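# Here is the input, now give the coordinates:
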Amino acid sequence: MAKAIPKIFPRTLHKFCRWHIMNKHKDPLKKLYKLFPDLKDQLSAILNHPLMPFEFEDAWKALIEKYNLHDINVMINLWAERKLWISAYWKEVFFARMTSTQRSESMNFVLKRGFVTERDNLHIFAKQVNNCVQARHEAENAEANASTGTRKTVTRYGFEAQVMDKYTRAVYSVFRERQYHSTAFRIKTSQDNPKNYLVHHYNQSKEFAWSRHEFRVLADEVEGRYECECKLWEHIGLFCHHVIAVFEHLRLDEIPSRYILKRYTKDAVTNPDFNHKDYRTTTDDGTSIECRRTILYSEAVKIINKGCSSEAKFQIALSAFRDANSCMDTEETEMEHNEDTEMENNEQSSNQDDTTQETGEQNHIPQTENNDPYADI
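Sure, this is the predicted structure:
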């Protein structure tokens, strides 16, 4: 793969899946975790948090020094491949939040996390798989019910109302969680440039390198530029804790539209050419049931949300729904009448054809009898 990808896809950046890297070395790492109970948390902090390359390397070396892991093979191997799986080395590359083979591993992870183990018998495995499917259905139903409700912002900031309106429910949940964690950061203005802000965690612990770093954030409200040196937006297209903290510090009303990627919004898929639930071809005018249902549901939800905001809009929406329902009933009645009329016409035409055919046969029979040489026998 490593040799074929550069030849076939020369513009593609090939990196290793982090999950597979850690899974490959899980056995020796488990032994280290037993010897050093705090090692797992500190190693996870180095891997998970937005370090720069030089900070990652300093933090890694400090970890090796602290636990005297210089000659441990697993740590040597992880270090040797660091540029192929540590995101600090390619944060300027857009990965759209996919840094592992998520789709192929997600179901395995769900099963192993709370339902089955390697020691389970086959009948227990089958039972637990059914329990897993049922749990997933319940979670999907709960999500569907929640999606019909009205969302509320946590704060009164204009930018949060904007992203709530634009982002899908799942992406907005991610944003809101980051907004919550952003309150743990402190901000001070850079002396060199008033548009630059230094953002650091309130607990500048010596245990984790990421907590001691001051991230430099550029916030130019006039030009609408918001950039952080952690490069998280460039990497996945969503803002980091540091930029969100600056948004709150500035009490920003609106985020420039170019920072809200369409792939994360409610309009990411508009008039799809094909729906995986509908095996017939789907066109823009809604020639299939599934496409029509999707389009109508989307438009109905918009009307419902607007109609709930005031009494006047509620009456307008209610009248529109009733008028539409009445028109569709009338259309349905006319269609049924037309179908009945067409059936009657078809029956009459069929009867006429049968009558004509019988008449022709009756006229034809005597002629046949007269010409039959064996008629008198």
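# So which residues of the stretch 101-250 of the chain form helices?
Along the stretch 101-250 of the chain, counting by DSSP state H, counting those that start in this stretch, helices occupy 102-114, 122-147, 158-166, 169-182, 209-212, 232-236, 241-250.
# Just the CA trace of the last one, in CSV.
Okay, so that is helix 241-250. Only the C-alpha atoms of helix 241-250 are listed here, as CSV (Å, rounded to 0.1, in the frame of the first residue of the first chain):
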residue,chain,number,x,y,z
HIS,A,241,-11.0,25.4,22.2
HIS,A,242,-8.6,28.3,21.8
VAL,A,243,-10.5,30.1,19.0
ILE,A,244,-13.9,29.5,20.7
ALA,A,245,-12.5,31.0,23.9
VAL,A,246,-11.4,34.1,21.9
PHE,A,247,-14.9,34.2,20.3
GLU,A,248,-16.4,34.5,23.8
HIS,A,249,-13.8,37.0,24.9
LEU,A,250,-14.7,39.2,21.9
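# which stretch in the helices of the stretch 101-250 of the chain is the model least sure about?
Per-stretch averages of pLDDT across the helices of the stretch 101-250 of the chain put helix 209-212 at the bottom, with a mean of 58.
# what's the most buried one of the helices of the stretch 101-250 of the chain?
Neighbour counts (mean count of other CB atoms under 10 Å) averaged over each of the helices of the stretch 101-250 of the chain peak at helix 241-250, with a mean of 23. C-beta here means a position set from N, CA and C on the backbone, and glycine is covered the same way.
# Beyond the strand or helix carrying residue 29, next helix or strand please.
In this assignment (DSSP states H and E), residue 29 forms part of helix 26-35. Sequence order places helix 39-48 as the next helix or strand after helix 26-35, per DSSP H and E.
# Which elements pack onto that next one?
Counting contacts by 3 or more CB pairs under 8 Å, 6 or more residues apart in numbering; DSSP states H and E, helix 39-48 packs against helix 26-35, helix 53-67, helix 209-212.
# And the longest one, what does it pack against?
Think helix 53-67. Using 3+ CB pairs under 8 Å, 6+ apart, helix 53-67 is in contact with helix 39-48, helix 209-212.
# can you put the helices and strands packed on helix 39-48 in a markdown table and add distance to residue 191?
Converted to a markdown table, these look like this (distance: least, CB to CB, whole Å):
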| stretch | distance to residue 191 |
| --- | --- |
| helix 26-35 | 44 |
| helix 53-67 | 22 |
| helix 209-212 | 20 |
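# rewinding a little: may I see the helices of the stretch 101-250 of the chain arranged in a markdown table, with distance to residue 68 as well?
Formatted as a markdown table, those follow (distance: least, CB to CB, whole Å):
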| stretch | distance to residue 68 |
| --- | --- |
| helix 102-114 | 33 |
| helix 122-147 | 42 |
| helix 158-166 | 47 |
| helix 169-182 | 33 |
| helix 209-212 | 19 |
| helix 232-236 | 33 |
| helix 241-250 | 33 |
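# Let me know which of the helices and strands packed on helix 39-48 is tucked in deepest.
Mean neighbours per residue, mean count of other CB under 10 Å, is largest over these for helix 209-212, with a mean of 18.
# For residue 230, the count of nearby residues, please.
24 (other CB atoms under 10 Å).
# Equivalent analysis for residue 302, please.
Residues contacting residue 302 under the criterion other CB under 10 Å number 12.
# Kindly report the same for residue 46.
Residue 46, neighbours per other CB under 10 Å, totals 20.
# right, and it touches residue 62 too?
No. In this structure, residue 46 is not within contact of residue 62 by CB atoms under 8 Å, at 9.1 Å.
# Residue 306 and residue 317 touch, don't they?
Yes. Because the distance of 6.9 Å satisfies CB under 8 Å, residue 306 is recorded as touching residue 317.
# So between those two, which is more surrounded?
In this view residue 306 and residue 317 are compared by other CB under 10 Å, and residue 317 has more residues nearby, 19 against 13.
# Find the nearest non-adjacent residue to that one, please.
Closest residue to residue 317 apart from its sequence neighbours, by CB to CB, 6 or more residues apart in numbering: residue 307 at 3.1 Å.
# For the one you found, give me its contacts.
Applying CB atoms under 8 Å, 6 or more residues apart in numbering to residue 307 gives the contacts 313, 314, 316, 317, 318.
# Would you state the helices of the stretch 251-377 of the chain in chain order?
For the stretch 251-377 of the chain, helices defined by DSSP H, counting those that start in this stretch occupy the ranges 289-307, 311-371.
# coming back round to it: pick out the shakiest of the helices and strands packed on helix 53-67, pLDDT-wise.
helix 209-212 - the lowest mean pLDDT of the helices and strands packed on helix 53-67, at a mean of 58.
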